[in-house]
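Chemist: Here is my input; please provide its structure:
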Amino acid sequence: MKVYYSEAHRGHDAPFEILEGGVSVPVFECPERMERILAALATTGWAEVTPPRDFGLEPVRAVHAADYLHYLQTAYADWQAEGGQLGIATLSPVLYPATFPPRRGRGKPRSVVGRAGYYTMDLSAPIVAGTYPAAAASAGCALSAAEDVARGDRVAFALCRPPGHHAGCDYAGGYCYLNNAAIAARYLARRGKVAVVDVDYHAGNGTQDIFYEAGDVLTISIHADPARQYPYFMGYADETGEGPGAGLHRNFPLPPGTGDAAYLRALDEALALMRTFGPESVVVSAGMDIYAGDPLGDFAVTAEGIRAIGRGLAALRRPTVVVMEGGYNNEALGENVVGLLSAFGGD
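Modeler: Have a look, this model is predicted:
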């Protein structure tokens with residue numbers, strides 16, 4: 001199985017993040033996550049780890065707004081040029097927003113700290129010097145896997161960091177900057193209908209937002225109920241698509257403590273929807289934070305449950321791109337990723 005991975009992710013390494021209540025802690029979405037996954041893949045005998053190919057910006061522009069991409073490319077340098085934090089000195093190597101507009105006004109802020117709030121939905125998508133190169137390489141991993149699948153491979157794995165499913169057309173959030181799964185899906189949709197299924201603990205709000213009016217991409221997200229968990233403002237069961245996309249989005253919000261049986265029931269319903277839609281290819285947003293004991297989740301899905309999810313997805317028998325999203329229990333992360341992928345036969 002081809003596994004696309006880039007060392008560029010190491011450049012995206014913020015020294016802290018800010019949790020609810022303003023608590024500053026070490027970042028959960030850290031480079032160690034990739035080390036754990038790579039170590040587990042190395043034991044399989046079937047994982048062929050290779051760097052991504054260069055696709056340029058055209059496939060990314062097919063998903064993300066040009067002004068947003070310009071912001072990601074220039075934000076850190078602009079911030080440094082403005083003097084860093086508070087405009088007086090660089091007190092931290094991390095660009096965080098100063099304000100979040102309750103709704104977007106008539107114009108964009110001139111200050112880069114203001115633009116950070118304009119283009120970011122929360123405090124979990126900081127910008128450091130290596131953020132954009134890492135995000136661009138991450139998107140390249142997803143595109144490389146998509147191209148392999150388009151050429152006839154049964155499955156390919158995009159080991160993406162940073163993840164992507166919370167990034168919308170023109171905003172970052174939830175550790176995400178470029179929506180890798182959406183970029184892969186839009187690339188594949190040139191050849192036929194695509195289904196995107198998100199099995200991360202948190203709702204794939206960015207993917208939903210990007211394809212909400214699309215008639216050629218079915219999007220499904222199985223996740224913690226946003227009435228109680230991030231991202232709070234999207235991921236509800238009554239959000240089903242609009243315009244050409246009416247009926248082509250489904251959310252499955254689940255309660256705390258959801259274990260294997262309940263999760264797999266939701267997955268079975270999602271798989272039935274996908275079979276009815278009849279996609280030419282499938283993109284999986286694979287988040288391992290559904291695992292019992294994940295520090296950012298409260299589901300009780302076991303390692304065997306994750307393997308069963310993989311078996312269900314593989315049983316669709318569609319060319320499949322698996323895209324790495326969340327998962328923060330580093331002790332179990334590699335084993336769980338391998339468990340999901342091994343259902344595809346390791347070929």
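Chemist: mind listing what's buried in the helix ranked longest in the chain?
Modeler: Taking DSSP state H as the criterion, the chain has its longest helix at helix 131-150. Across helix 131-150, burial judged by 16 or more other CB atoms under 10 Å covers 131-132, 134-150. All C-beta atoms are positioned from the backbone trio N, CA, C, and that covers glycine.
Chemist: Low-confidence regions, the stretch 201-347 of the chain specifically.
Modeler: Within the stretch 201-347 of the chain, the stretches with pLDDT under 70 are 346-347.
Chemist: ranges for the strands of it?
Modeler: Ranges of strands in the stretch 201-347 of the chain, per DSSP state E, counting those that start in this stretch, are 217-224, 249-254, 281-286, 320-324.
Chemist: what comes into contact with stretch 113-123?
Modeler: Outside stretch 113-123, the residues that touch it by CB atoms under 8 Å, 6 or more residues apart in numbering are 17-18, 68, 71-72, 75, 79, 82, 87, 95-101, 104, 108-109, 127, 166, 168, 170-174, 230-231.
Chemist: pLDDT (mean, whole number) over that stretch?
Modeler: Mean pLDDT, stretch 113-123: 92.
Chemist: Need the distance between the two termini of it.
Modeler: End-to-end distance for stretch 113-123, by CA to CA, to the nearest Å: 12 Å.
Chemist: Sort out for me which of the contacts of stretch 113-123 are in helices.
Modeler: Those of the contacts of stretch 113-123 mapping onto helices are 68, 71-72, 75, 79, per DSSP H.
Chemist: So among the residues you listed, where is pLDDT lowest?
Modeler: residue 79 (90).
Chemist: ok, so what distance separates that one from residue 124?
Modeler: Residue 79 is 18 Å from residue 124, where distance means CB to CB, to the nearest Å.
Chemist: by contact count, what packs against the longest helix of the chain?
Modeler: strand 2-4, helix 58-61, helix 66-81, strand 155-158, helix 180-188, strand 281-286, strand 320-324 (3 or more CB pairs under 8 Å, 6 or more residues apart in numbering; DSSP states H and E).
Chemist: so how far is the fifth one off the chain centroid?
Modeler: Same thing as helix 180-188. Centre-to-centre, helix 180-188 and its host chain are 11 Å apart (CA atoms, centre = their mean, to the nearest Å).
Chemist: Paired strands for the next helix or strand after it, with orientation please.
Modeler: Next helix or strand after helix 180-188 toward the C-terminus (DSSP states H and E): strand 194-198. When pairs are called by DSSP bridges, strand 194-198 turns out to pair with strand 217-224 (parallel), strand 281-286 (parallel).
Chemist: okay, those in a markdown table with mean neighbour count and distance to residue 308 next?
Modeler: Shown next, in a markdown table, are the strands paired with strand 194-198 (neighbours: other CB atoms under 10 Å; distance: least, CB to CB, whole Å):
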| stretch | mean neighbour count | distance to residue 308 |
| --- | --- | --- |
| strand 217-224 | 27 | 13 |
| strand 281-286 | 28 | 14 |
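Chemist: who touches the residue lying closest to residue 278 once chain neighbours are set aside in this structure?
Modeler: Among residues not flanking residue 278 along the chain, residue 193 sits closest, at 6.6 Å (CB to CB, 6 or more residues apart in numbering). By CB under 8 Å, 6+ apart, residue 193 lies in contact with 216-218, 277-280.
Chemist: So which of those is surrounded by the most neighbours?
Modeler: Tallying neighbours with other CB atoms under 10 Å puts residue 218 at the head of these, with 27 neighbours.
Chemist: re earlier: ok, so of the ones in helices among the contacts of stretch 113-123, who is nearest residue 316?
Modeler: Closest approach between the ones in helices among the contacts of stretch 113-123 and residue 316, by CB to CB: residue 68, at 32.6 Å.
Chemist: Quickly note the distance from the closest one to residue 178.
Modeler: Using CB to CB, we find residue 68 at a distance of 9 Å from residue 178.
Chemist: Tell me which of these two has more neighbours.
Modeler: residue 178 (28 against 20).
Chemist: wait, isn't the more buried one in contact with residue 137?
Modeler: No - judged on CB atoms under 8 Å, residue 178 makes no contact with residue 137 at a distance of 9.8 Å.
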